[in-house]
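Undergrad: Here is a sequence together with a model predicted from it:
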Amino acid sequence: MNLTHLRYIVEVERHGSITKAAAALYMGQPNLSKAIKEMELEVGIPIFRRSAKGVVPTEKGQEFLQYAKAIIVQMDKMEELYRDNSASRVDFQLMLPRASYITHAFTEFMTKLPQSELMDIKFKETNSLEAVNAVIECECSLAIIRYDLSQEDFFTSLLAEKNLRSQEIMTFDYVLLISENSPLAKYDIIEDEQLAELIEIVHGDTAVPNISAALQKKSTRMRSHKRHIYVFERGSQFDILSASPETFMYVSPMPETVLKRCGLVQRPCAVKHTNRDSLIYQSSYRLSKTDQLFLTELKNVIREIKK
């Protein structure tokens with residue numbers, strides 16, 4: 001199988017047009033069309049469906065393109081590895097939900113990275129469906145997705161369909177994050193009724209929820225409170241919570257070191273909202289030493305939380 005031809009078909013999918021892809025590849029359209037037909041004959045399936053508006057992958061073609069992208073990514077990484085000298089390069093990509101414990105693990109991970117002249121790190125917060133799509137499209141090597149356990153069947157089926165591996169990171173109940181000076185700090189467990197007159201801090205950036213807006217509408221387990229402050233930046237959320245004892249926020253469990261630094265405490269809710277964070281990646285992907293280092297730090301933080 002010709003690696004160059006694999007790059008050709010990925011470029012055609014990206015442009016949705018053989019003509020545009022040929023222009024981007026600086027080659028003639030007839031030659032590109034011929035290369036695609038040769039690839040389709042070789043693999044024995046029609047990769048693209050042609051129409052007056054351009055080309056789109058067939059169902060089998062989408063599956064084939066997923067493997068093609070994974071092969072190209074691995075080949076590119078191998079070339080970089082030997083071209084740039086693996087001992088002096090750090091390459092790490094992760095998409096994740098908003099989760100302070102993961103961010104804290106990433107900070108610890110960064111302090112333990114070897115000194116390197118070359119570094120390429122991508123660390124992006126996004127919702128679970130976008131993270132899944134990014135891994136499928138090989139835009140990111142690793143992702144951590146979060147979902148309510150009531151959505152587990154949906155995500156299990158989706159990951160199996162897209163040929164992605166998953167590994168449980170942590171299953172947890174949301175906790176309430178409040179100021180250490182909050183009147184609720186004296187309670188071991190917080191009832192919903194105790195929150196009625198308080199103000200809920202909510203992520204203002206709806207483009208980066210834990211799950212997509214469509215799935216959020218299906219989840220009604222979290223009580224809707226009457227008073228809200230929508231805040232777009234994580235540091236500001238913590239500042240408001242610390243300075244305003246009448247505010248609270250639903251979060252995943254946080255490390256004690258972060259809570260102390262921010263003057264906050266966390267308390268379990270009487271009504272449970274159970275979620276799961278899972279690591280996902282292409283089935284053909286092999287975790288690198290850098291990936292393993294991050295996962296080690298993540299496990300250390302989780303152990304700290306569960307003490």
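TA: It's in. This one's a predicted model, so the numbers in the text were calculated from it and none came from an experiment.
Undergrad: okay, CA-based contacts and neighbour counts for the rest of this
TA: Noted.
Undergrad: Tell me who's in contact with the nearest residue to Asp188 once chain neighbours are set aside.
TA: Spatial nearest neighbour of Asp188, chain neighbours left out: Arg267 (6.4 Å); criterion: Cα to Cα, 6 or more residues apart in numbering. Contacts for Arg267 (Cα atoms under 8 Å, 6 or more residues apart in numbering) come out as Val175, Leu176, Leu177, Ile178, Ala185, Tyr187, Asp188, Ile189, Ile190.
Undergrad: who wins for neighbours among those?
TA: Among the contacts of Arg267, the one with the most neighbours (other Cα atoms under 10 Å) is Ile178, at 30 neighbours.
Undergrad: and that one, what are its bridge partners?
TA: Val265 (DSSP bridges).
Undergrad: quick one: contacts for it?
TA: Leu184, Ala185, Leu241, Ser242, Pro245, Thr247, Phe248, Met249, Leu264, Val265, Gln266, Arg267.
Undergrad: Go through stretch 281-293 and flag the buried ones.
TA: Neighbour-count burial for stretch 281-293 flags Tyr281, Gln282, Thr290, Asp291, Leu293 (criterion: 16 or more other Cα atoms under 10 Å).
Undergrad: Mind picking the two most distant members of these?
TA: In these, the most distant members under the criterion Cα to Cα are Gln282 and Leu293, with 18.8 Å between them.
Undergrad: how far is the helix or strand containing the residue nearest to Asp188 from where the chain is centred?
TA: Assessed by DSSP states H and E, Arg267 sits inside strand 264-268. Between the centre of strand 264-268 and the centre of its chain there are 25 Å (Cα atoms, centre = their mean, to the nearest Å).
Undergrad: thinking again about what came up before, can you add secondary structure and pLDDT and give the contacts of Arg267 back as TSV?
TA: Listed next are these as TSV, based on DSSP: H, G, I helix; E, B strand; the rest coil; pLDDT from 0 to 100:
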residue	secondary structure	pLDDT
Val175	strand	94
Leu176	strand	94
Leu177	strand	95
Ile178	strand	95
Ala185	helix	93
Tyr187	coil	94
Asp188	coil	93
Ile189	coil	93
Ile190	strand	93
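Undergrad: Which of those residues sits closest to Leu118?
TA: Once Cα to Cα is applied, the member of the contacts of Arg267 that ends up nearest Leu118 is Leu177, at 38.5 Å.
Undergrad: For that closest one, list the residues it contacts.
TA: Going by Cα under 8 Å, 6+ apart, Leu177 touches Leu241, Phe248, Met249, Tyr250, Val251, Leu264, Val265, Gln266, Arg267.
Undergrad: Before we move on, what's the pLDDT of the first one?
TA: Pointing back at Leu241 there. pLDDT, Leu241: 92.
Undergrad: Repeat that for the last one.
TA: Arg267 is assigned 96 on the pLDDT scale.
Undergrad: can you redo the contacts of Leu177 as a markdown table with distance to Pro30?
TA: Shown next, in a markdown table, are these (distance: Cα to Cα, whole Å):
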| residue | distance to Pro30 |
| --- | --- |
| Leu241 | 63 |
| Phe248 | 63 |
| Met249 | 59 |
| Tyr250 | 57 |
| Val251 | 56 |
| Leu264 | 65 |
| Val265 | 66 |
| Gln266 | 64 |
| Arg267 | 66 |
